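[1] mind looking at a prediction? Sequence and model below.
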2 protein chains.
Amino acid sequence: VITEVTLKLYPLPEAVSAATCSFPSIEAAVRTTIQLIQMGVPIARVELIDQNSVRMVNAHSKLGLREEPMLLMEFHGTPASVKEQAETVQAIADEFGGQAFEWAMTPEERTRLWAARHNAYFAAVQSRPGCRAISTDTCVPISRLADCLLTSVTEADASGIPYFLVGHVGDGNFHFGYLIDPNDPQERAKAEALNQQLVERALSMEGTCSGEHGIGLHKMDFLLAEAGAPAVDMMRTIKRALDPHNIMNPGKIFLM
Amino acid sequence: VITEVTLKLYPLPEAVSAATCSFPSIEAAVRTTIQLIQMGVPIARVELIDQNSVRMVNAHSKLGLREEPMLLMEFHGTPASVKEQAETVQAIADEFGGQAFEWAMTPEERTRLWAARHNAYFAAVQSRPGCRAISTDTCVPISRLADCLLTSVTEADASGIPYFLVGHVGDGNFHFGYLIDPNDPQERAKAEALNQQLVERALSMEGTCSGEHGIGLHKMDFLLAEAGAPAVDMMRTIKRALDPHNIMNPGKIFLM
């Protein structure tokens, strides 16, 4: 129940640039991101898409991109600083085998560069007619991100379930989308098992079961594993204090 | 009771610059700040000190500054971008009658430029031997900051109580320090009345009684005026849920 919202408005940046770059491996793309963040480059957005996503958006939107993992980035600042940031990124990407680096400043060109990310979900769902995407939402400290992604990719590949991977890699948050046949209970069980393993891995790396999508119904058990029973009891106590009749979104997060 | 803290580490910026500028009035300094923020200049720190503060630090630290309101700023980024930001600031300050603009990149020079801000509190307390500073902590939306400051300065000047004013003007948060004789109940009453008027003014401008110092004991009544009795009841309910025996900082914020 939201009764009042106060928004803080930020001005539009004076200049915005976008850049994309392909990498020989997910690890190379993640290492590039870590290096950028450690150098203090004030990157506004940095997204990873895996080679499956690129293959799917190429088929869906005829983009003709290299079928390799790809970083998509955005920089905000003054005209000189966004140019400087893009140059720094290119120099770092070169060290990790980055290819096909492109950058742009006009809105039209930026939209073109970002098309692969914007179309990824729809392209994935359409790559397997009738499928349903089961999404994960783990997040780990960025220092563990490459490890976490690589093991999880190996597991997903071994499962035989088609999938795609997109990541808000600057935050350590990423989403696998397992593309299952909703009428096949075995596929659903496999996808749930992959998610279970992924969450356990993220928690063992001091991560979280939910980077941004929330707990809802699906992650109630994961929250217990992550926060521990005393912390969940405390959350429940606060919920009860504010909502003694349990009329706000009942049955979610806690089974009261 | 803090049992665990997780810190997010930010890298040191590649380059840091500092700048100071004097203004013919508090209003001119605040209008400059608003213009900077509206232009999206990614300013890292911006502090205002009034002419009383400058007079006190000149006496205390022999700084020889123009006895006018002053902005002290810091910029983070790449070498080219911090230079560019300082130039933008100078151009905007010029429009508002800014004088004696200085900027610097080395740590030693930056420390020298910021000395007036760092010494302001001690210089103020020493300007009236034996005095005690009663600090305010209001915060208003930045669009109302000039109005709020100017009326409050006029009131403080009329009271006859010596005072100084420092502001984190980028946030709309500022502190008057009323320098009272602790043995003179009349002076204390005058300072409390000034604070009361200031808080009422801030609340009428959709501001808050506490920008950063918290509620504690001194602002319990202000919190009630600001948030309303139902909201304070809800805060109390959460406090009771988490601390049923009232052992955590009892008697603060709420009289349980």
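    Cool, the structure landed.

[2] surely residue A:207 is in contact with residue A:136?
    No - the pair residue A:207 and residue A:136 fails to qualify as a contact (C-beta atoms under 8 Å) at a distance of 11.6 Å. Any C-beta I mention is one placed from the backbone N, CA and C, and that applies to glycine too.

[3] need the helices for the stretch 151-256 of chain A, in chain order.
    Chain-ordered helices for the stretch 151-256 of chain A, with DSSP state H, counting those that start in this stretch as the definition, fall at A:185-204, A:220-227, A:229-242.

[4] quick one: which of these is nearest chain B?
    For the helices of the stretch 151-256 of chain A, proximity to chain B was assessed by C-beta to the nearest C-beta; helix A:229-242 is nearest, at 4.1 Å.

[5] list the buried residues for that closest one?
    Along helix A:229-242, the positions that meet the burial threshold by neighbour count (16 or more other C-beta atoms under 10 Å in any protein chain shown) are A:232, A:239, A:241.

[6] how about TSV for these, with pLDDT and distance to chain B added?
    Output for those, formatted as TSV (pLDDT from 0 to 100; distance: C-beta to the nearest C-beta, whole Å):
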residue	pLDDT	distance to chain B
A:232	93	14
A:239	91	9
A:241	86	4
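
[7] in the stretch 1-150 of chain A, what residue spans correspond to strands?
    Taking DSSP state E, counting those that start in this stretch to define them, one finds strands in the stretch 1-150 of chain A at A:15-22, A:43-49, A:70-77, A:99-104, A:132-135.

[8] against which helices or strands is the second one packed?
    Yep, that's strand A:43-49 we're talking about. helix A:26-38, strand A:70-77, helix A:107-118, strand A:163-168 (3 or more C-beta pairs under 8 Å, 6 or more residues apart in numbering or on different chains; DSSP states H and E).

[9] one more time with 10 Å
    Strand A:43-49 sits against strand A:15-22, helix A:26-38, strand A:70-77, helix A:79-95, helix A:107-118, strand A:163-168, with contacts defined as 3 or more C-beta pairs under 10 Å, 6 or more residues apart in numbering or on different chains; DSSP states H and E.

[10] looking at the ones you listed, which is closest to chain B?
    Taking C-beta to the nearest C-beta as the criterion, chain B comes closest to helix A:79-95 out of those, the separation being 3.6 Å.

[11] I'd like the distance between residue A:70 and residue A:28.
    Computed with C-beta to C-beta, to the nearest Å, the distance linking residue A:70 and residue A:28 is 11 Å.

[12] next, show the common contact partners of the two.
    Residues within reach of residue A:70 and of residue A:28 at once, by C-beta atoms under 10 Å, 6 or more residues apart in numbering or on different chains, are A:21-22, A:98.

[13] among these, which one sits closest to residue B:88?
    When those are compared for distance to residue B:88 (C-beta to C-beta), residue A:21 wins out at 30.2 Å.

[14] residues near that closest one, how many?
    Applying the criterion other C-beta atoms under 10 Å in any protein chain shown, we find 27 residues in the vicinity of residue A:21.

[15] chain B contacts on the stretch 151-256 of chain A?
    Selection of the stretch 151-256 of chain A residues close to chain B by C-beta under 10 Å from any C-beta of the partner chain yields A:206, A:234, A:236-242, A:244.

[16] surely residue A:191 touches residue A:179?
    Yes - when contacts are counted by C-beta atoms under 10 Å, residue A:191 is listed as touching residue A:179 (8.8 Å).

[17] who has more neighbours, the two?
    Counting neighbours by other C-beta under 10 Å for residue A:191 and for residue A:179 shows that residue A:191 has the greater number, 24 against 21.

[18] count of residues packed around residue A:178?
    Residue A:178 is surrounded by 23 other residues when neighbours are defined as other C-beta under 10 Å.

[19] which strand residues bridge it?
    Residues in a beta bridge with residue A:178, per DSSP bridges, are residue A:134, residue A:163.

[20] ok, now residue A:76?
    Note on residue A:76: beta-bridge partners by DSSP bridges are residue A:16.

[21] surely it touches residue A:105?
    No - under the contact definition of C-beta under 10 Å, residue A:76 does not touch residue A:105, with a separation of 11.6 Å.

[22] and for the two, which residues touch both?
    Shared contacts of residue A:76 and residue A:105, defined by C-beta under 10 Å, 6+ apart, are found at A:15-17, A:82.

[23] with mean pLDDT added, can I get the helices and strands packed on strand A:43-49 in JSON lines?
    JSON lines is the format used below for the helices and strands packed on strand A:43-49 (pLDDT from 0 to 100):
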{"stretch": "strand A:15-22", "mean pLDDT": "93"}
{"stretch": "helix A:26-38", "mean pLDDT": "93"}
{"stretch": "strand A:70-77", "mean pLDDT": "92"}
{"stretch": "helix A:79-95", "mean pLDDT": "90"}
{"stretch": "helix A:107-118", "mean pLDDT": "92"}
{"stretch": "strand A:163-168", "mean pLDDT": "97"}
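
[24] follow-up on the earlier one: same list (the buried residues of helix A:229-242) but as JSON lines, adding distance to residue B:127.
    JSON lines is the format used below for the buried residues of helix A:229-242 (distance: C-beta to C-beta, whole Å):
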{"residue": "A:232", "distance to residue B:127": "55"}
{"residue": "A:239", "distance to residue B:127": "52"}
{"residue": "A:241", "distance to residue B:127": "49"}
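
[25] what's the local residue count around residue A:176?
    Residue A:176 sits with 27 neighbouring residues when counted by other C-beta under 10 Å.

[26] circling back to that earlier point, can you tell me which of the strands of the stretch 1-150 of chain A is packed in deepest?
    Comparing the strands of the stretch 1-150 of chain A by mean neighbour count (mean count of other C-beta atoms under 10 Å in any protein chain shown), strand A:70-77 comes out on top with a mean of 24.

[27] using PDB, write out every CA atom in that one.
    Provided in PDB are the C-alpha atoms of strand A:70-77 (Å, rounded to 0.1, in the frame of the first residue of the first chain):
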ATOM      1  CA  MET A  70      29.100  -9.100 -25.200                       C
ATOM      2  CA  LEU A  71      29.300  -6.100 -22.900                       C
ATOM      3  CA  LEU A  72      26.900  -3.200 -23.400                       C
ATOM      4  CA  MET A  73      27.800   0.000 -21.600                       C
ATOM      5  CA  GLU A  74      26.600   3.600 -21.100                       C
ATOM      6  CA  PHE A  75      28.600   6.600 -19.800                       C
ATOM      7  CA  HIS A  76      27.200   9.900 -18.500                       C
ATOM      8  CA  GLY A  77      29.100  13.200 -18.200                       C
END
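
[28] count of neighbours near residue A:108?
    Using other C-beta under 10 Å: residue A:108 sits among 7 other residues.
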